[in-house]
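Participant: Okay, structure incoming, though there's no sequence with it:
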Ligand SMILES: *Cc1c(COP(=O)(O)O)cnc(C)c1O
C-alpha cells in the first residue's frame, strides 16, 4: 500500500469561484464568426414588434475564455472523472464514452418522437434487442422500457401487480410487505400506486425474518417488495422460502433490482421465484446520472403479468421488421410520454453489447471484490455490524468515532471531500447507527482503493489528535460546510455574482 500514501495532503481545489460569465470578456471578442446575412431585412420576415432594435447585452468572449470558464465550473463539484465516488446504492461508476457516441449517432439522435413506426425501424429494433437482453439477464418473459427512474419502475411494477389482482376481482389485496432494510423509495412507490406498505422487521443478521413474514402474509397481501442485495449490501438467501410463503398467500414477489450490478450473470430474479423486477439502467448499465437524472428503470415480468404491461408494445414482425401494438386499457402515456428515456436505454444496450455476457458477469464479480477488499482493509477502524459477506457495498458504523473522538459520520464524510473523495452515503439505512455506506464499484483500480483506505486512516488519525479539524471540514472546497436544513427549507437559487455565495 506504499504507493497509496503519496498524494495524501488535503488540497485546495479552487481558491476563487469564477466570475460570472457576464463580467468576463470584452466588446468584439468572439469564438465563431458567422457568414454575413444578405437575405431580406429581418423586418420583412418577422413582425416588427418581435424584432430587437438594440443588440442584446450578451457577454462577448473568445473561445479560450469560454473553455476556461466552463472547465473551471466543472471542477467546483466533485464528479467521477475527478475522483472516487463511493456513494452507496447510487452506483457512481465510470460511464464509457463509447455510449455517448452511440446515442449521438444522427440516425438515433435526430429522430422525432412523433415519427411513425415505419420511419423508426432501427430504433425499434434496438429497443426490442434491449428488452430481450434484459429478459435474458433477469430470467423473465416480457419487459417495459418506459419507466424513467428506479422509483418510476417500482411504481409501474406496483400498478401491474394491482392490475393483476383486480383482473381476478381480488379487490382487498392492497398490502405490500416491505422489509425494514428496503430502499426508501419502495414504501413511497407503494403509496403512490394506491396500496399500503407494511414493514417487516429484519433478523439481527440483517436478513428477512421468515417468522415475521409468515405472520404478516394473508388475504390482504398483494405482494412483497424486496431489495436484493438489500441496502445492507447482503444477499437475501431465503428467497425460495419467501416465494413459497407469499405465493401460498396469493401475493406476488417484486424485486428492487437497482443493485443488479452485484449479481448480473450469477443469478436471475426470475429463477429465484420473483414475478417482477426493475433495473436501474443509469446505475448498472452506465449512464452519467446524479443531481436528479437522467435515468431509466425498466421492469421485467413473468409471463402471467405480461398482459398488464402498458402499451404500445414493440412487436417483431415475420418480415424482420417491427410494429407497435396498441393494447386496451391505460397506455404507457399514463406514466411517461413515448418510449421512455430512449437515450439512457440506448446507452444501456451499447454497454451490454460491449461487455457481452461474460463481461457483465465479470462486472459483478469485480464490484463485489472491490467492496470486500475495502471492508476488509478498513475493518479495524470502521466496524460493519452485519458483516458476513457483503456484495457490491457494505454499511459500516461510525459510532466508535462518535464515542471516542466526538466525531460523527457526517464529519468523516465532509472531511473526505478535502482529500478529493466524494462522501459515501451516510445515515442510511436507518437500521445502522451512524451508517456509512460504501460502494466502490468495479471501475476503481487497486491503487484507487488503497488510496481510499489510506485517506480513511489519515482522517482517523486526525479525529484522534485534532477532532476540530474534522468537525470543521471541508476546508479546501470552494464552499465550506453548509446549513443543509436551511438550504432545503429556504433554497436561494438566484445568481447574484461571485461575492454573494
Ligand atoms: C437508486 C435506487 C432506487 C431508486 O432509483 P432512482 O432511479 O433514483 O429512482 C431504488 N432502489 C434502490 C435499491 C436504489 O439503489
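Facilitator: Arrived safely, thanks for sending. All figures in this text were calculated on a predicted structure; none of them were measured in a lab. Residues are numbered from 1 along each chain as shown.

Participant: which element is residue 129 on?
Facilitator: Secondary structure from DSSP states H and E places residue 129 in helix 121-138.

Participant: After that helix, which helix or strand is next?
Facilitator: strand 142-144.

Participant: Centre of the chain to the following helix or strand past that following strand, how far?
Facilitator: On the C-terminal side of strand 142-144, the closest following helix or strand by DSSP H and E is helix 150-167. Taking the mean of its C-alpha atoms, helix 150-167 sits 20 Å from the chain's own mean (CA atoms, centre = their mean, to the nearest Å).

Participant: Next: stretch 397-411.
Facilitator: 28 Å.

Participant: Any chance you could list what contacts it?
Facilitator: 382-385, 412, 426-427, 432-436, 460, 463-464, 467, 470-471, 473 (CB atoms under 8 Å, 6 or more residues apart in numbering). (Glycine included, C-beta is placed from N, CA and C.)

Participant: Same question for it: list its buried residues.
Facilitator: Residues of stretch 397-411 classed as buried by neighbour count (16 or more other CB atoms under 10 Å): 397, 398, 399, 401, 402, 405, 407, 408, 409, 410, 411.

Participant: how many neighbours does the residue in the chain that the ligand sits nearest to have?
Facilitator: The minimum distance from the chain to the ligand, using CB to the nearest ligand atom, falls at residue 150 (2.3 Å). When counting by other CB atoms under 10 Å, one arrives at 26 neighbours for residue 150.

Participant: so residue 304 makes contact with residue 165?
Facilitator: No. Residue 304 is not in contact with residue 165 according to CB atoms under 8 Å; the separation is 11.8 Å.

Participant: higher neighbour count, these two?
Facilitator: A count of neighbours by other CB under 10 Å puts residue 165 above the other of residue 304 and residue 165, at 20 against 11.

Participant: on that earlier part again, quick check on the contacts of stretch 397-411: which are buried?
Facilitator: Of these, these count as buried by 16+ other CB under 10 Å: 382, 384-385, 412, 426-427, 432, 434-436, 460, 463, 467, 470-471, 473.

Participant: quick one: which two of those residues are the most distant?
Facilitator: Within the buried ones among the contacts of stretch 397-411, 385 and 473 form the most distant pair, 25.0 Å apart (CB to CB).

Participant: any idea of the mean pLDDT in the helix holding residue 129?
Facilitator: Averaging pLDDT along helix 121-138 gives 97.

Participant: What of stretch 443-462?
Facilitator: Mean predicted lDDT for stretch 443-462 stands at 98.

Participant: Same question for stretch 69-77.
Facilitator: Here the average pLDDT along stretch 69-77 is 86.

Participant: Check the secondary structure at the closest residue to residue 458 other than its chain neighbours for me.
Facilitator: Spatially, and ignoring its direct neighbours in sequence, residue 458 is nearest to residue 8 (5.7 Å; CB to CB, 6 or more residues apart in numbering). What DSSP: H, G, I helix; E, B strand; the rest coil gives for residue 8 is coil.
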